[in-house]
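A.B. asks: Let's see this in three dimensions:
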Amino acid sequence: MPNWKTGIDWDERVKLVVAYYNARPKLRYGHAGENKALPVINELCAKEFVSQSKIMQCQGLSTDGIMTILSNVTAAIQGGGAVWAPELGGWYTTTADPYIYIVAPGFRKAWQEAISTQ
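C.D. replies: Numbering: from 1, shown residues only. Below is the predicted model of the structure:
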């Protein structure tokens, strides 16, 4: 498992993501206002890890669609650029063959708590 940086205020980072999407409703990615971003983030945060193929199948998205959503979350947290490595405070990482997304446990917990109160 990744070596996640400690001492991060994940609640604050989740608030940044929620505010980012609330301020930019068109970034929710999908047809005619269909919200694809939040279900993808929910799916990533519901499990310790999720394969890219599973998200594609369950959410009906291409790899580009998934990356658009993850890039927007990263932009909300970091202001842009590539997602930071886990030891530098990144919110997720990946493995190859099979392609798996692994979300930081602190982000997962903060996200689940935030959506349970909405």
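A.B. asks: the helices in the chain, which residues?
C.D. replies: Assigned helices in the chain, in chain order: 10-23, 37-46, 52-59, 63-78, 105-116 (criterion: DSSP state H).
A.B. asks: Make TSV from those and add distance to residue 4 and mean pLDDT to it.
C.D. replies: In short, each C-beta sits where N, CA and C put it, glycine included. Listed next are those as TSV, based on distance: least, C-beta to C-beta, whole Å; pLDDT from 0 to 100:
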stretch	distance to residue 4	mean pLDDT
helix 10-23	10	93
helix 37-46	14	92
helix 52-59	21	94
helix 63-78	14	93
helix 105-116	7	94
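A.B. asks: quick one: which of those helices is nearest residue 87?
C.D. replies: The closest of the helices of the chain to residue 87 is helix 105-116. By C-beta to C-beta, the value is 13.5 Å.
A.B. asks: could you say what helices and strands that closest one packs with?
C.D. replies: Helix 105-116 makes packing contacts with helix 10-23, helix 37-46 when contacts are defined by 3 or more C-beta pairs under 8 Å, 6 or more residues apart in numbering; DSSP states H and E.
A.B. asks: Go through those helices and pick out the most buried.
C.D. replies: helix 37-46 (a mean of 20; mean count of other C-beta atoms under 10 Å).
A.B. asks: any idea how far residue 110 lies from residue 65?
C.D. replies: 24 Å (C-beta to C-beta, to the nearest Å).
A.B. asks: between the two, who's got more neighbours?
C.D. replies: Remark: of residue 110 and residue 65, residue 110 carries more neighbours, 22 against 18, as counted by other C-beta atoms under 10 Å.
A.B. asks: need the contact list for that one.
C.D. replies: 10, 11, 13, 14 (C-beta atoms under 8 Å, 6 or more residues apart in numbering).
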